[in-house]
Structure formats: C-alpha cells, structure tokens
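# Prediction below, plus the sequence it came from.
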Amino acid sequence: MSYRIGIDVGGTFTDFLLLGEGTRLVHKTSSTPDDPSRGFVTGLAEIAEQLGLDLEAFVARLDLIVHGTTVTTNAVLTHRGARTGLLVTEGFRDVLALRDGTREEPYDNRLQPPTPLVPRYLRLPVGQRTDHAGRELAPLVEDDVATAAATFREEGVEAVAISFMHSPADPAHERRTRDLLRELLPDAYVTASSDLLPQVRYYDRTSTTVLNAYVGPIISRYLDALTGRLAELRFGGTLLIMQSNGGVATPAEISERAALSLLSGPASGPTAGLWQLAPHGLRECITVDMGGTSFDAALVKDGEPLLMNDGTVDRWRLALPTIDIHTIGAGGGSIAWLDEGGLLHVGPQSAGAQPGPACYGRGGSAPTVTDADLVLGFLGESSFRHGGMTLDRQAAVDAFAPLAERLGLSVEQAAAGVYDLVNVTMATGVRDISVRRGLDPRDFPLVVAGGAGPLHAAAIARELEIPALLVPRESSIFCAAGMLMSDFKHDGVRAYKTPLAMADESRIAALIDEMERAGRDTLAREGVPADRAEVRGALDLRYVGQWHELTVPIDLPVDRQAVAAAFHEEHDALFGHSSPEQPVELLAVRLVAIGRTEKPGLTEAGPDTGSVEAALLDTRPVWSAAARALVPTPVHDGAALPSGARLTGPAIVELPSTTIVVPDGFVLDVDAYGAFAVHEGERGAAFAAGLHGVGAAA
C-alpha cells in the first residue's frame, strides 16, 4: 500500500495527516525548535510503529510528502539568518533604514524602526543609474562590484541581495552584477530583485530581496539535509514544500526563491477550509487556527483565499503574493502576566514546546491559556491521553495562584479572566481580517482548526455574532490536511506604470504571454501535465495620486473599460466609495500559473450504530460564563458520536487530539462526514440545516 502525508511543523507540535487506501491517520508529536527535522523524522517513526512497520519500510511506501516549515520564519524572528550583503545604486545605501518614509504606528512617537537585517558596512553602493523608463543614465561600474565582492569575502558573507533603482524597467545592470558575483563568490547565495520581484516601490522590492537572501542559505541547508535524510530512509516519492501563496513547489524552486516559504506554515489553512465545506456546496468561510504558540485567521471568498502583496515578517516588508493571514501571539502556550499597573495580558510570550504549560509537567511554571482551560474544566486531565500525556490540574492551579492573589480573585476567576481576554483578542483578529476588506464577519461561518481552536471558537463566534462554526475531525492537524489539497502555484509580476486609459493592450498581452511561458515551464519541470496547468491574469490599479493599489482580475484580451469598472466596484466594496470620474493608473501586470494536483475527497462516515447516550463518558465541573462558577457538565466521546447526532450545550466533546466546548445556548450537530457544526440562534440553525447529513439522528 502507498501513502500520502502532510507534515506541518508548528512552534509547539508537529502535525501529520497520513492518507492511503482505507487509511486516514492523524498524529502529533512535539516540535524540536533546535532542529525541526528531528521532530519530522520522529513523527514518521511513531506513525510507522502504529502501522506495524519499521521506519524505512514505511518511508519507502510514501508517494508524496507535503511539508510546511517555519525554518525561514524563525530565522527572521530570531535574527539568525545568513550573514548578508546588499548592493544598491549609489546614493541609496540607507534604503533599509529609511524604509518607505511612513510610520508603522502613526501615534506612537517612541516606536523605533527595527535593526536592518544587513548592517550598514555590508550595504555597499555601486555606480550605475537607469531612469524610470529603463534608459541608462550611467553605466554599471564593474570595479565597484569587484570591490564589494572582496569586502563580502573578507567579512564571511554567505548571501548577497542586489537592488538597483528602476531595475524593473531594465534589469540589465542587476543581472550583470548577479553574474559577476556568482563568478567572484561562487559559494554565495545571490538574489537579484529583478529576478525575484520586478515591480515598482524601491523599499518594498529591496526589503523582499534582502529577506530572500537572508533566509536562502538557511532553507537550502535545511532542505538538503532533509532530502538527504529521506534518501537514507529509501524515500523515492515526491517532496513538496508549502508556499506563502497557498500553493506548493519543489525544494529546488523554494531554495532559489526562499522568501516564498516565509509564511509557509499557516498558508494551507484556507485550502483546508474550502475542502471541508466543498461537499456542502459552500465556497466562503473564515478559517481560524489556534495552536500552541499563535492564532491565525484567514478569509475565503468566492472559493479563493484572499491574497496580499504588502505583508510583513518581523516588521520587514514582504511584497510577494501571500495568503492574507492575520497572526497574533495567542495560543495554548501563551503566558498570562500583569504589567506594572496591574493590568492583565495574555501573550505574545509563549511557553512553547519546552517547557510548555505548567500542566504538561515538563518544568513550566508560568500560567498559560492551556492551564486556564484545565482549571476551568474545558480540558480534563486525560484530554491529551492519545498524545501520550496526562495533564496535571494541580500544577495548573499552582501556576495561577500567584496571579489570582495579585488580582484579588479565586484561581477559577483568574483563569476565566485569561480565557475571556484571549478570546476577545482573537475575535479582534478575526474582525480585522474581514472588516478591513469591507466584509461583515457575520456573513461567514468559522472553520475551526488547531488543537486549542475548538476550545475557544464558540466564545469567539459569540463575541462577533457569527452564528455558526464547523470543527473538522482533523481540526488539530488542519494545515497538514490542507497541504495535501494544495495545488502548485507560481506568481509572476511585471512593472508597467501608465494611465489605464493609455495602456497598450498589446503590451499587456505580451507581458502576460512572457509570464505564462515562464510559469508553464516551471510547472512542467515540476512534473505537472499540460492539461492540469492554467493561468490567471490581474492588474494592479489605483486612482492617480493614491498610495495603495488594488489587484483586479482580468480576462484576455484586455478590455480597459471593463477593467476600470471592476476597479471602481472593488474600491467601493473595500472603502465605501469610488470615483468613476477620476483617472485610474496601472502599476503592474500579474499572472499566477496553477498546476492542479489530485486531491482526496471527503468520505461519508457511513451508517452508524452509535448513539448520543453511548458516547457519554462522564460529567465534570466546567466553568459557566452565565453562572460565573463551575457547574456539572456532560463530557462526550466525539469519536463515538454518530453522523446526525445532536447535543445541546453546555457540553464538552473530546476527540483524540482536540476538545470542543459547546457553551450554553449553542447546539452541536455531526454532519455526514463526521465534522461538528456548532451553532446558535436561527441563522446558525439554518446553516446547520444546509449541511449534508445533519439532523438525521437528532
């Protein structure tokens, strides 16, 4: 039998979903932040043991591994990337320090800019100049490149970024510099901005290119070591890496364009949400994923995750297309603390995988969200039994005791305060991902992921007046599942700055054709058949004088009037107004090449002989928000609840790798695919009624 496996390395746990003929295995193991590949291989060994195979025999049966990694993200966050040099046009040495001239927080006069990833003595000027139209004003001084290479060699530079003014208009100077550096520094990782991101906005382009160079050697070494280890284990299948844009790519493509992996981990969440809703005919949702370290929220509309071209990593601009994910430091391991004024905070500090929350019994002593969940009865001491761990409630109580004393509250009241605060914080993140897009979160069901997500999702939904949420059975390894549903995806962009009314439609078509050929060639190298490849074009547009632009999809041949009308409509949806009488400016032409992959479908659970009564495990004291006290609450075995089953809150539903809290006033239904619909009120009931299989055994 052959298998496919998705592997998502998180800050606390590494998640696995194994699929094969008649096999669907969910597994979690502790992450190993010092070397993520150890947790990767450890998890494979643990799965092999469950299947009764030795590790090599199991790995030999893997046809496909799709891997999401935080290696590059962590390198940036911890400032442990490669020693990097930067070559810029003479006169622009301080572009990283000056940034784009705006203030991140307009009302925070004390906010300092981050320390540049490249120190000033390694940011070196090169004589050359091209104007905005691509005309050469000053030739490239190759001696400056040679001098810079000598400096980089002496300083032990591992990677070099090249970013010249107006290179998108004519990349000749950058590419000659790139070729010279590869001759002079054959062991260095070299990135030219015109290869990576040929678009306007000098700071954005430079920052993105520096990020790519900074993490390039890191991800290359990691992938080389990982592929070598897999080869030793007789892996003969395909290894794919999750990209920030929600697609997958080969290790070779990721090694060359390393910045594509900077938001790799959570990028598959929206794809997993779509996959879960597709059998019900639904194409829109908000996905939320609460793990041990962070909380991620993303929005899916019209069957596509929303993208952005102005993301940030550790306050540095990442202008490559990425899934629009709002991430905050709120997870099960987030630490509760009081500031000097006695105000309660939760996170962003996290207990992580080691030592973890106090209740893990691994040496942690600070009160965390997971400890609060245990104190409040949402978790039981045996809730993590399937993960080989028994939780220590007394340790959680002891961790909260000092905090409760300072607040003048009981331990349970202090834990409830932490629970409420982290829920409001996460609700704010969901509101941000939707409202700033001009969308009402109440119009989208929540699809809930992460080991901790279902513990908090109903409270978040109530805070936002969202009537319904869906918890997949694979909730705790949601992103690992999404990775197996993801397509190949490669983005291209070409600068073309002109009034839209004067845009040359044949030039737009030529740029699209150039990017299409490059995209299809890349897909062909990755083994995608021609009949599974497709492309989509778009234009970056704005009103003349605006700072930000919108990306508007286009059809070929381009109809400028239709494109302008679509821009006005999108502008009105996002900002509440449009100005059709104002001239529209074109900034760039975009294209995405997509290679469709074969995806497993959801399978119906089949006829069930179980019952709600048989699934009842016990009753335990659980915190009631209405009573502000612990009250006896039934606890059910989620794996034993049949399709069509219905529970009325308050109730707890325990699964092998997560727990669902059903508060008073909510109802839980099990759909035909074994997912759990939790809803409140008439709109929530209408959502549940539309799910296949709901209500059959109510």
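Received it, and whenever you're ready, just let me know what you need.

# Quick one: the helices in the stretch 251-400 of the chain, in order.
251-256, 269-277, 369-375, 393-407 (DSSP state H, counting those that start in this stretch).

# Next, format these as JSON lines and append distance to Ala538 and mean neighbour count.
No exception for glycine: its C-beta is placed from N, CA and C like everyone else's. Converted to JSON lines, those look like this (distance: least, C-beta to C-beta, whole Å; neighbours: other C-beta atoms under 10 Å):
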{"stretch": "helix 251-256", "distance to Ala538": "21", "mean neighbour count": "19"}
{"stretch": "helix 269-277", "distance to Ala538": "18", "mean neighbour count": "27"}
{"stretch": "helix 369-375", "distance to Ala538": "40", "mean neighbour count": "30"}
{"stretch": "helix 393-407", "distance to Ala538": "50", "mean neighbour count": "18"}
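
# do you know which of the ones you listed lies nearest His692?
helix 269-277 (10.9 Å; C-beta to C-beta).

# and Gly52, which of the helices of the stretch 251-400 of the chain is closest to it?
Taking those one by one with C-beta to C-beta, helix 269-277 is closest: 28.7 Å.

# what is the mean pLDDT for that closest one?
Across helix 269-277, the average pLDDT comes to 88.

# Make 48 the starting number, not 1.
In the new numbering, first residue 48, that becomes helix 316-324.

# So what touches it?
For helix 316-324, contacts defined as C-beta atoms under 8 Å, 6 or more residues apart in numbering pick out 293, 330, 332, 334, 336, 343, 345-347, 350, 352, 370, 372, 492, 494, 496, 517, 519, 521, 525-526, 528-529, 532-533, 646, 649, 720, 722.

# how about low-confidence regions in the chain?
58-59, 400, 430-435, 652-656, 740, 742-745 (pLDDT under 70).

# for it, what's the longest helix?
helix 249-279 (DSSP state H).

# Which other helices and strands does the next helix or strand after that one contact?
Where DSSP states H and E defines the elements, the next helix or strand beyond helix 249-279 is strand 285-289. Packing partners of strand 285-289 (3 or more C-beta pairs under 8 Å, 6 or more residues apart in numbering; DSSP states H and E): strand 109-115, helix 249-279, strand 295-296, helix 298-303.

# list the buried ones in the second one?
To tie it back to what came earlier, the one meant is helix 249-279. 249-267, 269-270, 273, 276-277 (16 or more other C-beta atoms under 10 Å).

# Let me know which of the helices of the stretch 298-447 of the chain is the nearest to Asp361.
helix 298-303 (19.7 Å).

# ok, the residue nearest to Gly376 when sequence neighbours are not counted - contacts?
Distances taken as C-beta to C-beta, 6 or more residues apart in numbering put Pro395 closest to Gly376, at 2.5 Å, once the chain neighbours are dropped. Shown in contact with Pro395 (C-beta under 8 Å, 6+ apart): 375-377, 381.

# Pick the one among these closest to Leu164.
Nearest to Leu164 among the contacts of Pro395, with distances taken as C-beta to C-beta, is Gly376, at 21.3 Å.

# Pretty sure the closest one sits against Gly394.
Yes. At 4.0 Å, Gly376 counts as touching Gly394 under the criterion of C-beta atoms under 8 Å.

# on contacts alone, who are the packing partners of the helix or strand where Phe734 lies?
Using DSSP H and E, the element containing Phe734 is helix 728-736. Packing partners of helix 728-736 (3+ C-beta pairs under 8 Å, 6+ apart): strand 515-518, strand 714-717, strand 723-726.

# Out of those strands, flag the one nearest Leu421.
Nearest of the helices and strands packed on helix 728-736 (C-beta to C-beta): strand 515-518, 19.7 Å.

# And Gly376 and Gly394? Which one has more around it.
Gly394 (22 against 16; other C-beta atoms under 10 Å).

# Where does the nearest residue to Ala506 once chain neighbours are set aside sit: helix, strand or coil?
In this structure, Ala506 finds its nearest non-sequential neighbour in Asn470, 4.3 Å apart by C-beta to C-beta, 6+ apart. Classification of Asn470 by DSSP: H, G, I helix; E, B strand; the rest coil places it in helix.

# Tell me who's in contact with Asn470.
503, 506-507, 510.

# Can you give me the buried ones in stretch 195-202?
Quick answer for stretch 195-202 (16+ other C-beta under 10 Å): 195-196, 199.

# Show me which of those residues is closest to Phe447.
Phe199 (52.3 Å).

# Pick out the residue closest to the middle of the chain.
Pro313 (2.5 Å; C-alpha atoms, centre = their mean).

# Specify the beta-bridge partners of the residue lying closest to it once chain neighbours are set aside.
Counting by C-beta to C-beta, 6+ apart, Pro313 lies nearest to Asp343, which is 4.2 Å off, once chain neighbours are set aside. Beta-bridge partners of Asp343, counted by DSSP bridges, are Asp336, Thr374.

# Report the contact partners of Asp343.
313, 316, 334-337, 372-374.

# picking up where we left off before, quick one: which of the contacts of Pro395 has the most company?
Ser381 (32 neighbours).

# That one bridge partners, please.
The partner residues for Ser381, given DSSP bridges, come to Ser397.

# That one is in contact with Val416, isn't it?
Yes. Using C-beta under 8 Å as the test, Ser381 is close enough to Val416 to be in contact (5.0 Å).

# so what's in contact with the two at the same time?
Contacts common to Ser381 and Val416, judged by C-beta under 8 Å, 6+ apart, are 393, 469.

# I figured Asp357 hits Arg248, correct?
No. Applying C-beta under 8 Å, one finds Asp357 not in contact with Arg248, separated by 9.1 Å.

# Distance from stretch 702-714 to the middle of the chain?
From the chain centre to the centre of stretch 702-714 is a distance of 25 Å (C-alpha atoms, centre = their mean, to the nearest Å).

# Dump it to PDB, restricted to CA.
Below are the C-alpha coordinates for stretch 702-714, written out as PDB (Å, rounded to 0.1, in the frame of the first residue of the first chain):
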ATOM      1  CA  LEU A 702     -11.600  13.900  20.400                       C
ATOM      2  CA  PRO A 703      -8.200  12.200  20.200                       C
ATOM      3  CA  SER A 704      -6.300  15.500  19.500                       C
ATOM      4  CA  THR A 705      -8.700  18.300  20.500                       C
ATOM      5  CA  THR A 706     -11.700  19.200  22.600                       C
ATOM      6  CA  ILE A 707     -14.800  21.100  21.600                       C
ATOM      7  CA  VAL A 708     -16.600  23.400  24.100                       C
ATOM      8  CA  VAL A 709     -20.300  23.800  23.400                       C
ATOM      9  CA  PRO A 710     -21.500  26.700  25.700                       C
ATOM     10  CA  ASP A 711     -25.000  27.100  27.000                       C
ATOM     11  CA  GLY A 712     -27.200  28.300  24.200                       C
ATOM     12  CA  PHE A 713     -25.300  26.500  21.400                       C
ATOM     13  CA  VAL A 714     -26.200  23.300  19.600                       C
END
